[in-house]
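In: Predicted model, plus sequence, below.
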Number of protein chains: 2
Amino acid sequence: MSNEELMRRAIELAVENVKSGGGPFGAVIARDGHIISTGVNRVTANNDPTAHAEVSAIRAACTKLGTFNLEGCVIYTSCEPCPMCLGAIYWAHIDKIYYGANQHDAAAINFDDSFIYRELELPMNKRRKPVENLLHNEALAPFNLWREKEDKVEY
Amino acid sequence: MSNEELMRRAIELAVENVKSGGGPFGAVIARDGHIISTGVNRVTANNDPTAHAEVSAIRAACTKLGTFNLEGCVIYTSCEPCPMCLGAIYWAHIDKIYYGANQHDAAAINFDDSFIYRELELPMNKRRKPVENLLHNEALAPFNLWREKEDKVEY
């Protein structure tokens, strides 16, 4: 399938999802032009604030391929990924992002918390969400244990 | 439980997770000092790149409380949330974030893709990951359908 056909599928999924009571967002993950997985926004349906279309598609692709590394895959998403989804796309090592609508289109239908996009660009002490450091030294314990364990591994 | 006790629990979870073959990260979600849910990093164990401690704890809390809105809840995470987890925390409407170790500590044990933190601060055309807009006008269809549907709802 071409890039346009794959994007059209993501858009169709978004339309179908609105019809079935979900949010207006769909995504497709493909490799070499073949669909690996799809995802739609099921935040309210599943009571899962992380169930955005892109995250759903990533989880489905990883389950299907039996890996957490989607190198060689491309994501087609009906709307520009939010910071959560963008982070997930990076962690999944997806090669490239195609998006249709953008964050401003989403804001125009009041379907975003558009401050999230701006918020993550701010230094921590300037963000709206209160954040506080606690027990820094004690929190190094799991990292130290990890390091010891890694040191014992023979490569 | 006090903030310190709740953070210590998150740190303990991270230590236990290393011992059982997972990543050195743990998180606790609490309301009024009572634990609602916990999460650990299960990325490699579950083949799920989104299974960071914070995301896992958020999903578990939402399932337990039957809501996608965790207002009134606080998250204690053994390490500073990555952009994906930070996005998830915002979407879940969690009130406040307490973190132990930070992204630099994680980088010191090579347990981060620290460029992710910087990458999301960049404008889209400056990022490392290729991103391309496609079929913008067609991609407005699900938003238009959403708007029509919302207009029909009586409030």
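Out: Received the coordinates, thanks.

In: List the residues that contact A:Ala101.
Out: By Cβ atoms under 8 Å, 6 or more residues apart in numbering or on different chains, A:Ala101 lies in contact with A:Ser78, A:Cys79, A:Glu80, B:His136, B:Ala139, B:Leu140, B:Phe143. Bear in mind the C-beta positions are built from the backbone N, C-alpha and C, glycine included.

In: Make a ChimeraX selection of the buried ones in those residues.
Out: Buried residues within these, by 16 or more other Cβ atoms under 10 Å in any protein chain shown, are selected in ChimeraX with:
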select /A:78,79,80 /B:139,140,143
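
In: Just give me the residue right at the centre of chain A.
Out: In chain A, the centroid-proximal residue (Cα atoms, centre = their mean) is A:Cys85; its distance is 2.3 Å.

In: And the contacts of A:Ala101, which is closest to A:Lys149?
Out: Checking the contacts of A:Ala101 against A:Lys149 by Cβ to Cβ gives A:Glu80 as the nearest, at 39.3 Å.

In: That closest one contacts A:Ala107, correct?
Out: No: assessed by Cβ atoms under 8 Å, A:Glu80 is found out of contact with A:Ala107, at 10.7 Å.

In: CA atoms of the helix or strand encompassing A:Met84 as CSV?
Out: Secondary structure from DSSP states H and E places A:Met84 in helix A:83-91. The C-alpha trace of helix A:83-91 is given here as CSV (Å, rounded to 0.1, in the frame of the first residue of the first chain):
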residue,chain,number,x,y,z
PRO,A,83,3.9,14.4,23.6
MET,A,84,2.9,11.1,25.2
CYS,A,85,2.4,9.4,21.8
LEU,A,86,5.6,11.0,20.4
GLY,A,87,7.5,9.7,23.4
ALA,A,88,6.0,6.2,22.8
ILE,A,89,7.0,6.4,19.1
TYR,A,90,10.6,7.2,20.0
TRP,A,91,10.8,4.5,22.6
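
In: distance between the helix or strand following that helix and the chain's centre?
Out: Tracing the chain past helix A:83-91, the next element assigned as helix or strand by DSSP H and E is strand A:96-101. Using Cα atoms, centre = their mean, to the nearest Å, the mean C-alpha position of strand A:96-101 is found 12 Å from that of the whole chain.
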